[in-house]
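Asker: The following comprises the amino acid sequence and a computationally predicted model.
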Amino acid sequence: MGARDIARGGLLAAVAFVLLYLGGVSPYAAVAACIAAGVTSAVPLIRHARVRLAVLLYLAVSVLSLLLVPRKSVAIAYVLLTGLYPIVKYGIECRLPRSTQQMIKLVYCNLVLAAAYLLVWCGFLPQAELPGTGLLAAGWIAANVVFLLYDVGLSRLIATLRRSLPPD
């Protein structure tokens, strides 16, 4: 990893952190800011598959956001889903046959949902409360549908960035 990669990683980390902070301050922008911050961990993977840089970027932003973002739910959403998923997506799409990719992505989504459920159940997110069983099941199904839409949107955004980014 050269100086150029370190500088790009630092800039991407700063952008991601500012987005998460803005999402933590403004409740209306929380979801959009979290998703936009998550896209930054996909940027190192777009041209040259710099997985190490993407992981370091994710780790740095995760630690900073857990320490400094006012609303911890925004930071936890980044840590569990939107920050890590572009890296996981890259690994799944590079290593697994196309026929199993969607199923593995849904397994990942459900593991993240289970982790979020456990965080709420154990009291790590006191501002969230557990819904009843029926509402929980409906929310779980809706979360899977939204995740699939997020996956398609992320794929299209990555394809657009690949076409529009200048060569190194």
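Answerer: Nice, thanks for sending it over. Numbering: from 1, shown residues only.
Asker: Who are the contact partners of the residue nearest in space to the middle of the chain?
Answerer: Most central in the chain under CA atoms, centre = their mean is Thr82, positioned 1.2 Å from the mean C-alpha point. Neighbour list for Thr82: 34-35, 37-38 [criterion: CB atoms under 8 Å, 6 or more residues apart in numbering]. Yep, even glycine has a C-beta here, placed from its N, CA and C like the rest.
Asker: Dump the residues you listed to JSON lines, plus distance to Leu130 and secondary structure.
Answerer: As requested, those are arranged in JSON lines below (distance: CB to CB, whole Å; DSSP: H, G, I helix; E, B strand; the rest coil):
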{"residue": "Cys34", "distance to Leu130": "21", "secondary structure": "helix"}
{"residue": "Ile35", "distance to Leu130": "24", "secondary structure": "helix"}
{"residue": "Ala37", "distance to Leu130": "26", "secondary structure": "helix"}
{"residue": "Gly38", "distance to Leu130": "25", "secondary structure": "helix"}
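Asker: Let's have those in a markdown table, adding pLDDT, distance to Leu96 and neighbour count.
Answerer: As requested, these are exported to a markdown table (pLDDT from 0 to 100; distance: CB to CB, whole Å; neighbours: other CB atoms under 10 Å):
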| residue | pLDDT | distance to Leu96 | neighbour count |
| --- | --- | --- | --- |
| Cys34 | 90 | 26 | 25 |
| Ile35 | 90 | 24 | 20 |
| Ala37 | 91 | 26 | 28 |
| Gly38 | 89 | 21 | 25 |
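Asker: re the thing from before, roughly how far does the closest residue in space to the residue nearest to the centre of the chain that isn't next to it in sequence sit from Ala138?
Answerer: Leaving aside its chain neighbours, Thr82 sits nearest to Gly38 (2.9 Å; criterion: CB to CB, 6 or more residues apart in numbering). Distance, Gly38 to Ala138, using CB to CB, to the nearest Å: 25 Å.
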